[in-house]
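# Kindly return the folded structure for what I paste below:
(4 chains)
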Protein chains: 2
Amino acid sequence: MSGTRTTKKAGRPTIKAVAAAAGVSTAAVSQAFNDKGRLAEATRQRILEAALDLGWSPSASATALRSARTRTLALVVRRPTDVLGADPHFSELITGIEGELAPRGYGLLLHLVADVEEESALYERLAAEKRVDGAVLTDARADDPRPALLTRLGLPAVLLGAPTPTADVPVVGLGNQGAGVHEVVDYLRELGHTRIAYVAGPAELQHTRLRLAVFEETLAAAGLAPAAVRHTDFSEAAAVAATRELLAAPERPTALVYANDSMAVCGIGTAQRAGLRVPEDLSVVGYDNLPLGRWLHPRLTTVDQQVQRVGAAAARTLLARCGEDLPAARLDERPRLVVRESTGPAPHN
Amino acid sequence: MSGTRTTKKAGRPTIKAVAAAAGVSTAAVSQAFNDKGRLAEATRQRILEAALDLGWSPSASATALRSARTRTLALVVRRPTDVLGADPHFSELITGIEGELAPRGYGLLLHLVADVEEESALYERLAAEKRVDGAVLTDARADDPRPALLTRLGLPAVLLGAPTPTADVPVVGLGNQGAGVHEVVDYLRELGHTRIAYVAGPAELQHTRLRLAVFEETLAAAGLAPAAVRHTDFSEAAAVAATRELLAAPERPTALVYANDSMAVCGIGTAQRAGLRVPEDLSVVGYDNLPLGRWLHPRLTTVDQQVQRVGAAAARTLLARCGEDLPAARLDERPRLVVRESTGPAPHN
DNA sequence: CCCCGCAGGTATATCGATTAACCAAGCTGG
DNA sequence: CCAGCTTGGTTAATCGATATACCTGCGGGG
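Prediction:
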């Protein structure tokens, strides 16, 4: 019974296997991997080699248990019935985030939820189970309950949106979205447009309010008023309905500004279907600069807000809050207007 | 020093806190949560209540360490330079997967990689660190190295693609993609088209070959040959270039079939830009049924392969392989043709 | 010559949950 | 009247990695 117990377990190697292979204790292996303690250089090398050819890396769960850090961040995406607004935006965002996480060995835990209640319940669970070190909050709302919730849960977070007084959590990027809208309005004015309408997102979203305010202010500064404003839920149906209404008005707008590219595409289709030429009879502007916009006919004029960069900045900020030390990201780029073919001089009445 | 040590730790409650609150041992708490052991009903209730108002859930890392199961699956997305093909497809897929994971308390770890080497290295790391219980492999390739790799790593996996002889891992869905292409060709034939061209994806992708084969066979069965076939990397640029070439041919095709909707949209734009009317002069068919296709002008005729359902089926299969017991998903739906406005009778020469 | 200090490690408790083994009453049947 | 079963729990070992405290030679200064 006390014989040689070389019984190989089925699973992957553990720190013990590496220690045995290198002829040291498990503590030494740990020290070799974390550059702590005092090990002779030769020993360290021997250990690293042993680990390498056993294909060993420290178990994530064991390390997480011991250190109370999971090296995982959460991204929760609210996915409404209709995906029109959210999708491409999130792909870009995720790309930006992942670009910062991957090189540091962090993972991104992605969840989809239907509504805010579900989202809150999810954060409660993630915090209780200690499944993640932090979370990226998207789509800042007016009176957003999430920062307070996450603070109460003790879960580090960043919020994508414009800075507000009640900064429970750091806010990243999207700060000067107004700038994009401002440029759009100025550009349309230069083209001679005076009847400009805005197809906005849901009123409860922070950026909706922000951009709308800038839209109205910029027009006001030019002595104009919006031809009309329609709120939507970012759905295709709402975009089409809003467009139809706007085009049916007695004093038809000559330019339509949309809160995102997807809706703008719907808008162009709707206008064309109604027999209008874009941009000869109607100018259309989107927001987001989706790749697709470049290949439509006409190509979509839009605002590039570089979501990917915002995602990267958010990730860095969050990582910093999670104890990683890295140079803080400055996000100085402003959204910029991308003029293409869907906009042109205002038609002569 | 031996006084009352009621020192509350800063962090979230542990199983000890719950045990203390309920006046039992930690073992009892565990049993109450897992319906094991033999506890009096009253005790069980008392424990659950205590846990509830302390807001306690078992720590994911501790449970993972003990049980060697993380309740997390990996999805690795290869994101080439240009996102045209991949994006919306993956959003749908993720939605389908998440729909199965969420109710079972599983999480989805999302990673983006640049190429196959990076992808393989990532699987090695995920396996070594025991960070996930399994992985969903997308974009089956000819001679795909990943199934063998994952098998070697002992990581359960499912592959999205068509069944092949070397089934190292189970294969889910997308099996009868050919069916969609078959319908497309038949439909175009009925409209009188005889010069039909195909804009395919990268040749190394399994579904590219599969669909292309069906395309050619179906045409052959009707006594026809493809007007032309172009391979692309799913990028916008390649789609546009391929379209231009095809339209410049001496015997111009009257119908263009694309391997995905994004390319089809580029195709329509390119054709219109070349002065062709869609569908009067040229019929265009996509593949995927993206939401956007419905709102273009003209609305895109396409093939709906219900990626979301495939994602759900993949998740169920993978969960089953990870030890969850759930009824196996039957995936009986075939891709179906969605006829809209981008296709019409062949023009008279 | 003896003790100090340091280089180079090792032994062990710990993170939080689970579980196999065990134990104390209470009851029953022979 | 007590062996033996059942009920309702508890104790302690364990998962894998890490950190603290500790140990063991060996060289050198006093």
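
# how near is the closest residue to DNA strand D within chain A to residue A:58?
Closest approach between chain A and DNA strand D, counting by C-beta to the nearest atom of the strand: residue A:15, at 2.7 Å. To be clear about C-beta, it is placed using only N, CA and C from the backbone, and glycine gets the same treatment. From residue A:15 across to residue A:58, the span is 7 Å (C-beta to C-beta, to the nearest Å).

# Identify the contacts common to those two.
Counting by C-beta atoms under 8 Å, 6 or more residues apart in numbering or on different chains, the common neighbours of residue A:15 and residue A:58 are residue A:30.

# Find the nearest non-adjacent residue to residue A:59, please.
residue B:130 (5.1 Å; C-beta to C-beta, 6 or more residues apart in numbering or on different chains).

# Check the burial of that neighbour by counting its neighbours.
Per other C-beta atoms under 10 Å in any protein chain shown, the neighbour tally for residue B:130 reads 22.

# Quick check: phi and psi on it?
phi 50, psi 50 (degrees, to the nearest 10).

# Check residue A:154 too.
Torsion angles, degrees, to the nearest 10, at residue A:154: phi 70, psi 30.

# For it, which residues are in contact?
A:127, B:11-12.

# hmm, back to that, isn't the residue nearest to residue A:59 up against residue B:69?
No: applying C-beta atoms under 8 Å as the test, residue B:130 and residue B:69 come out as separate, 9.2 Å apart.

# Next to DNA strand C, which bits of chain A? Give me the list.
A:23-28, A:31, A:37-40, A:42-43, A:62, A:65-66, A:68 (C-beta under 7 Å from any atom of the strand).

# Narrow those to just the buried residues.
Taking 16 or more other C-beta atoms under 10 Å in any protein chain shown as the criterion, what is buried in the residues of chain A next to DNA strand C is A:24, A:28, A:31, A:39, A:62, A:65.

# Export these to TSV and append columns for distance to DNA strand D, secondary structure and pLDDT.
What follows is those, written out as TSV (distance: C-beta to the nearest atom of the strand, whole Å; DSSP: H, G, I helix; E, B strand; the rest coil; pLDDT from 0 to 100):
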residue	distance to DNA strand D	secondary structure	pLDDT
A:24	11	coil	96
A:28	9	helix	97
A:31	7	helix	97
A:39	11	coil	94
A:62	3	helix	98
A:65	4	helix	98
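
# In TSV: these, plus distance to residue B:342.
Formatted as TSV, these follow (distance: C-beta to C-beta, whole Å):
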residue	distance to residue B:342
A:24	68
A:28	67
A:31	65
A:39	68
A:62	56
A:65	56
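
# ok, the residues you listed vs chain B, which is closest?
Nearest to chain B among these is residue A:65, at 4.3 Å by C-beta to the nearest C-beta.

# measure the closest one to residue B:59 for me?
From residue A:65 to residue B:59 the distance is 7 Å (C-beta to C-beta).

# near DNA strand D, which residues of chain A?
Applying C-beta under 7 Å from any atom of the strand, one finds that chain A approaches DNA strand D through A:11, A:14-16, A:26-27, A:29-30, A:33-34, A:36-37, A:56, A:58-59, A:62-63, A:65-67.

# low-confidence ranges in the stretch 201-349 of chain A?
Filtered on pLDDT under 70, the stretch 201-349 of chain A yields the residue ranges A:349.

# ok, which stretches of it are strands?
A:228-231, A:255-258, A:283-285, A:302-304, A:336-338 (DSSP state E, counting those that start in this stretch).

# from those, which stretch is densest packed?
Comparing the strands of the stretch 201-349 of chain A by mean neighbour count (mean count of other C-beta atoms under 10 Å in any protein chain shown), strand A:255-258 ranks first with a mean of 29.

# Show me what that one is packed against.
If you count contacts as 3 or more C-beta pairs under 8 Å, 6 or more residues apart in numbering or on different chains; DSSP states H and E, strand A:255-258 packs onto helix A:177-190, strand A:196-200, helix A:236-248, helix A:261-273, strand A:283-285.

# same thing but 6 Å
strand A:196-200, helix A:261-273, strand A:283-285 (3 or more C-beta pairs under 6 Å, 6 or more residues apart in numbering or on different chains; DSSP states H and E).
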